[in-house]
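Engineer: Got a predicted structure plus its sequence, pasted below:
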Amino acid sequence: YVSICFSESFEALSQGFQGAVWELGGVPRRHRSDSLTAAVNNLSDDREFQSRYRDLMDYYHVEPQRINVRQAHENGDVESSHGHLKRVVDQALLLRGSRDFASREEYAQFLRELTGRRNAGRADKFAEEQACLGELPLSRLDCRQRVSGIIVGSGSTIRVKQNIYSVPSRLIGYRVDVVIDADAIEVWYAEALVQSMPRLAGTGKHAINYRHVIDSLRSEERRVGKECRSR
């Protein structure tokens with residue numbers, strides 16, 4: 001199973017894990033992580049699990065595990081499989097003649113077909129493993145993060161996860177709620193969805209839509225003009 005991730009966020013981890021177990025049709029007894037900060041608090045003395053990751057594992061009745069720092073060989077089978085898959089994807093792209101795709105969904109379909117062919121020869125072994133999987137819950141766990149009461153600044157922007165996003169200027173001075181997904185940000189006001197936009201990867205980034213700020217700039221221009229005339 002392959003999930004496209006734009007960052008190592010918890011939302012991406014949750015989306016990938018849940019997508020995998022639902023496609024498998026069951027859950028394993030254990031889930032092992034490396035030092036991914038979305039799962040492990042590496043700043044604590046005993047490197048305890050992050051609360052959101054623990055809640056996800058508890059929901060699926062899966063025991064979380066982690067490897068020691070800088071000991072990738074402790075997860076050797078997985079690391080080796082990742083390496084093989086990366087080479088297979090690279091070779092398939094070379095044969096395709098282009099790394100450009102019309103959309104993310106087209107690329108996702110390309111990966112699904114590729115992994116499907118690789119999995120075709122493992123059906124018997126997979127059937128043996130599948131018989132040992134635990135039961136799935138009735139539905140997936142909504143692991144999107146919700147942040148309430150974010151004030152829209154005078155520049156018609158909000159700060160989310162150390163990144164800046166613009167919102168409609170009519171919201172300046174008001175408080176909005178934000179729903180954070182693996183690759184999208186939703187902005188809500190008065191229980192109504194105002195806008196949905198791609199989530200920026202990393203920190204210190206800006207996503208500014210000039211249509212959001214043009215009205216505030218015009219208002220500022222009119223204010224400055226009045227002050228100049230009054231002088």
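Structural biologist: It's in. Numbering: from 1, shown residues only.
Engineer: where in this structure is pLDDT low?
Structural biologist: Within the chain, the ranges that satisfy pLDDT under 70 run 45-47, 69-72, 74, 215-231.
Engineer: Would you map the helices across it?
Structural biologist: Remark: helices assigned in the chain by DSSP state H are 10-24, 51-59, 76-96, 104-119, 123-130, 210-230.
Engineer: Tell me which of those sits most buried.
Structural biologist: helix 10-24 (a mean of 19; mean count of other Cβ atoms under 10 Å). C-beta: built from backbone N, CA, C; applies to glycine.
Engineer: who touches that helix?
Structural biologist: 1, 3, 5-6, 27-28, 31, 36, 38-39, 50, 52-53, 56, 60, 130, 133, 136, 140-141, 143-145, 180-183 (Cβ atoms under 8 Å, 6 or more residues apart in numbering).
Engineer: From Ile4, how far out is the residue nearest to the spatial centre of the chain?
Structural biologist: For the chain, the residue nearest the mean C-alpha position is Ala182 (1.9 Å; Cα atoms, centre = their mean). Distance of Ala182 to Ile4, given as Cβ to Cβ, to the nearest Å: 9 Å.
Engineer: hey, C-alpha coordinates of stretch 144-163 in CSV?
Structural biologist: Provided in CSV are the C-alpha atoms of stretch 144-163 (Å, rounded to 0.1, in the frame of the first residue of the first chain):
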residue,chain,number,x,y,z
ARG,A,144,-7.8,15.9,11.6
GLN,A,145,-6.6,18.6,14.0
ARG,A,146,-9.0,21.4,15.0
VAL,A,147,-7.8,24.7,16.2
SER,A,148,-10.4,27.3,17.4
GLY,A,149,-10.3,31.0,17.9
ILE,A,150,-7.6,32.1,15.5
ILE,A,151,-7.7,35.9,15.0
VAL,A,152,-7.6,37.2,11.5
GLY,A,153,-4.9,39.9,11.4
SER,A,154,-5.1,43.3,9.8
GLY,A,155,-3.4,42.0,6.7
SER,A,156,-6.3,39.5,6.2
THR,A,157,-4.1,36.5,7.2
ILE,A,158,-4.0,33.8,9.8
ARG,A,159,-1.0,31.7,11.1
VAL,A,160,-1.4,27.9,11.1
LYS,A,161,1.4,25.5,12.0
GLN,A,162,4.0,28.4,11.6
ASN,A,163,2.8,29.2,8.1
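Engineer: returning to that earlier point: can you verify my assumption that the residue nearest to the centre of the chain contacts Cys5?
Structural biologist: Yes - counting by Cβ atoms under 8 Å, Cys5 is a contact partner of Ala182 at 7.1 Å.
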